[in-house]
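Q: let's see this in three dimensions:
(4 chains)
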There are 2 protein chains.
Amino acid sequence: MAFTHHNGPRPTPVQCNHKLNAAGDALYVIGGKWRLRIIIALAEGHRRFNDIQRAIHGISARVLSNELKELEINGFVTRNVYTDFPVSIEYELTPYSDTLSPVIESLITWGEMHRERIMRAEKPEEKEATALAEIL
Amino acid sequence: MAFTHHNGPRPTPVQCNHKLNAAGDALYVIGGKWRLRIIIALAEGHRRFNDIQRAIHGISARVLSNELKELEINGFVTRNVYTDFPVSIEYELTPYSDTLSPVIESLITWGEMHRERIMRAEKPEEKEATALAEIL
DNA sequence: GTTAGTAATAACCTTTTAGTTAGCAGACAT
DNA sequence: ATGTCTGCTAACTAAAAGGTTATTACTAAC
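A: Model prediction:
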């Protein structure tokens, strides 16, 4: 791998890969068709299985069940079983899920900007692209 | 949809959906198995098709070709054809692609933190999760 | 004239992801 | 006793994503 287009200190491929994997992990956690919607439904206060399913238009029980399991394994959601009354089960976001806030926020900010750009269909100005190289 | 767990001003479902779509767009752009790797390879200065393919371990010509087209359509990449010598074609990131920097940075930051957490396998403290609700 | 490098593309196959349908077991309401 | 609500789950199907192989057409070197 060559880093010849730039004369400042360059990251090594190993450092680059580390960052790539980290970003990949983050994408895995919030990616997919339903993850973000489920997180949002939970953030909105929906707690019970059927309640969550009703809140998310189009999701099947199978997928919701699988995704909740994944979220639980990754520490974003806790599953609380209440045996007292007609066995109700409540899902809740953990404090750890809050650490995703800056990530989600930046996705929203960029996405809104991108939508506006598409609406205006304006051409980007011609200057060099270097900022991405700086953070890697 | 109910917003009964919180007594401050709550976003409407419409506002929520707008943000969700925006985040979804952003995820689409950098999601998938190869997008981020291709963007990084380009940021590293790889310009030509086979050069990029060699830089990204395991990607097939078909997938690279499709992804480059997508990236071009979305305004992240320009395709320059040089007819002079053995027809070479160069791909370059546009200045617009730089707008992704904050997003990618926050993904990396979170991903690194998450990896450390998994390594330490430490339990999260018990307190309420509310920050996510704030940004939606 | 055969091999290698240039940048793809078509046809096809496999894997991954998601959707559909049906069912279960407990408890409550009519 | 029949229906309905609860929270799932298994089996199957469909769609999307990705991988493999072969082929195109041109040049240049051996």
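Q: please make it C-alpha for all contacts and neighbour counts, starting now.
A: Will do.
Q: ok, and the closest non-adjacent residue to A:D25?
A: Taking C-alpha to C-alpha, 6 or more residues apart in numbering or on different chains, and ignoring the residues beside it in sequence, A:D25 has B:G111 as its nearest neighbour in space, at 5.6 Å.
Q: helices or strands next to the helix or strand where the one you found lies in the packing?
A: Element membership of B:G111, judged by DSSP states H and E, is helix B:101-120. If contacts are counted by 3 or more C-alpha pairs under 8 Å, 6 or more residues apart in numbering or on different chains; DSSP states H and E, helix B:101-120 sits against helix A:13-30, helix A:101-120, helix A:131-135.
Q: for the second one, what is the average pLDDT?
A: So the one you mean is helix A:101-120. Average pLDDT, helix A:101-120: 92.
Q: repeat for the shortest one
A: If you average the pLDDT over helix A:131-135, you get 77.
Q: give me the contact list for that helix.
A: Residues outside helix A:131-135 that contact it (C-alpha atoms under 8 Å, 6 or more residues apart in numbering or on different chains) are B:40, B:43-44, B:97-98, B:100-101, B:105.
Q: what about the lowest-mean-pLDDT helix or strand in chain A, distance to the chain center?
A: Confidence across the helices and strands of chain A bottoms out at helix A:131-135, with a mean of 77, counting by mean pLDDT, DSSP states H and E. Averaging C-alpha positions (C-alpha atoms, centre = their mean, to the nearest Å) puts helix A:131-135 22 Å from its chain's average.
Q: can you give me the buried ones in it?
A: By neighbour count, and taking 16 or more other C-alpha atoms under 10 Å in any protein chain shown as the criterion, the buried residues in helix A:131-135 are A:131-133.
Q: repeat for stretch A:113-120
A: Using 16+ other C-alpha under 10 Å, the residues of stretch A:113-120 that count as buried are A:H114.
Q: one more: stretch A:38-54?
A: Within stretch A:38-54, the residues that qualify as buried are A:38-49, A:52-53, counting by 16+ other C-alpha under 10 Å.
Q: quick one: is it near DNA strand C?
A: No: for stretch A:38-54, no contact with DNA strand C is found by C-alpha under 7 Å from any atom of the strand; the gap never falls below 11.3 Å.
Q: for the residue sitting nearest the centre point of chain A, which non-adjacent residue is spatially closest?
A: By C-alpha atoms, centre = their mean, the mean C-alpha position of chain A lies nearest to A:I30, the distance being 2.5 Å. Nearest in space to A:I30, with sequence neighbours left out and distances taken as C-alpha to C-alpha, 6+ apart, is A:L36 at 5.6 Å.
Q: okay, the helix or strand containing that neighbour in PDB with CA atoms only?
A: Assigning secondary structure by DSSP H and E places A:L36 in helix A:35-43. The C-alpha coordinates for helix A:35-43 follow below in PDB (Å, rounded to 0.1, in the frame of the first residue of the first chain):
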ATOM      1  CA  ARG A  35     -31.600  -1.800  14.000                       C
ATOM      2  CA  LEU A  36     -32.000   1.900  14.100                       C
ATOM      3  CA  ARG A  37     -35.700   1.800  14.000                       C
ATOM      4  CA  ILE A  38     -35.800  -0.600  16.900                       C
ATOM      5  CA  ILE A  39     -33.400   1.500  18.900                       C
ATOM      6  CA  ILE A  40     -35.600   4.500  18.200                       C
ATOM      7  CA  ALA A  41     -38.800   2.700  19.100                       C
ATOM      8  CA  LEU A  42     -37.200   1.800  22.400                       C
ATOM      9  CA  ALA A  43     -36.000   5.300  22.900                       C
END
